[in-house]
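Asker: here is my input, please return the structure:
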Amino acid sequence: MIATIHTFGRALNWNPHIHALIPEVVYDPKKKTYKRVKYFDYTNLRKTWTYELNRLLIQHFGKQFYKVTNQSYIDQENGYYVYAKQQENRKGSASDNVGACVEYMMRYAARPAMAESRILSYDRKSDIVEWYYDDHKTGERIVVKELAVELLKKMIIHIPDENFKTVRYYGFYNPKQSDILDLLHEQLDDDKQKKNTKEKRKELFRKAQLRHRWRTSVLDCFNRDMLRCICGREMQYIYSYNPLEGKTNDRDYRQHCIDEMRILRIRRIPPT
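Answerer: Sure thing, here's the model as predicted:
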C-alpha cells in the first residue's frame, strides 16, 4: 500500500485525511505465491480504521483519552469515515484507470495547500485577496475575500514539520522489500515491470534527485547556468561571501537582488 497524508480541505480548513492506494494482489513471502483480490470490505475497513486510530491516540495521550475513544464508538457506530469511489470498466481484477488514479493521488504529495491559479485578485491598498474553491459536495464555486494575512494563516498551518514524511510505503512497495516486488512481477509475467529492476529504479531515482539540486533549479527557473562562464568554461566553487552578514536592515539589498534577477531572466521559447 502507498499512503499520503493531507491536512487541508479545498476551503483550506483543517481536514486531516489519508489517501491510500491498495494493490489488488496479496503476496505471501513465505510460500512465494500471490493471490488476486477483487473485493474489498469497506465496512470492516471503517471499523478497523476506527480501532487503530483510537489505539494510536490513546498511546499518545494516555489513559485520559479513554473517555473520548469510548464515546467515539457510540457516536460512530459504523466506523470512521472512509471514502472509496466505485471503479467502473473493470477487466479482471484491475482498474483500467490505474494511471489516472496514481497521478491524482501522488500530485498531492508535493504541492502546497492551494495553487496560485486560484487567486483571482489582490488589492495592495486594502490588502484584500480574492480567491476561490469548488465545494466538494455541491460542486458550487465559492469566492472568498479576506485579508492577505488571514489567507497566509490558513496556509501556514498546513506546512509539515521539517523532515516529516508525508508519503509512506507498505508491503512490497516498501523500498526495503523491493526484491519481493521484482519476484512478484516475474510471477505476474509483467514484461514491462520485469525490465524495471531494482538497479534501474535506483538509476531513475538518482536522475530525479539531480533535478532538485540548486544548480539545476536555477537553470530551470532562469535559463542561466550559474557555474558556466561566458567564455564557455565551468567555474569551480571556492567560497561564499555573505554581504548581509552583520546587517540589520537588508530589505533594500534583497529587493535589488530580486530586480536584478528579473532583468537577467531569459524567457523560455515555447515548444512548437
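Asker: how close does the residue lying closest to residue 149 once chain neighbours are set aside sit to residue 63?
Answerer: Closest residue to residue 149 apart from its sequence neighbours, by CB to CB, 6 or more residues apart in numbering: residue 127 at 7.4 Å. From N, CA and C alone the C-beta is placed, and that goes for glycine too. Distance from residue 127 to residue 63, counting by CB to CB, to the nearest Å: 48 Å.
Asker: and what of residue 254?
Answerer: Counting by CB to CB - residue 254 and residue 63 are separated by 52 Å.
Asker: now the helices: where do they sit in the stretch 51-200 of the chain?
Answerer: With helices called from DSSP state H, counting those that start in this stretch, the stretch 51-200 of the chain shows them at 66-75, 98-106, 148-156, 178-188, 191-195, 198-210.
Asker: which helices and strands sit right next to the last one?
Answerer: Okay, so that is helix 198-210. Where contact means 3 or more CB pairs under 8 Å, 6 or more residues apart in numbering; DSSP states H and E, helix 198-210 is packed against helix 178-188.
Asker: quick revisit: neighbour count: residue 127 and residue 63, which is higher?
Answerer: With other CB atoms under 10 Å as the criterion, residue 127 and residue 63 differ in neighbour count, and residue 127 comes out ahead with 12 against 7.
Asker: can you pull the phi/psi pair for that one?
Answerer: Here is the backbone geometry of residue 127 (degrees, to the nearest 10): phi 60, psi 40.
Asker: and it, what does it touch?
Answerer: Neighbouring residues of residue 127 by CB atoms under 8 Å, 6 or more residues apart in numbering: 147, 148, 149.
Asker: and the first one, how many neighbours?
Answerer: Applying other CB under 10 Å, we find 12 residues neighbouring residue 147.
Asker: wait, it sits on residue 128?
Answerer: Yes: here residue 147 reaches residue 128: they are 6.4 Å apart, a contact under CB atoms under 8 Å.
Asker: you'd agree residue 181 is up against residue 175?
Answerer: No: the pair residue 181 and residue 175 does not pass the contact test of CB under 8 Å, sitting 9.4 Å apart.
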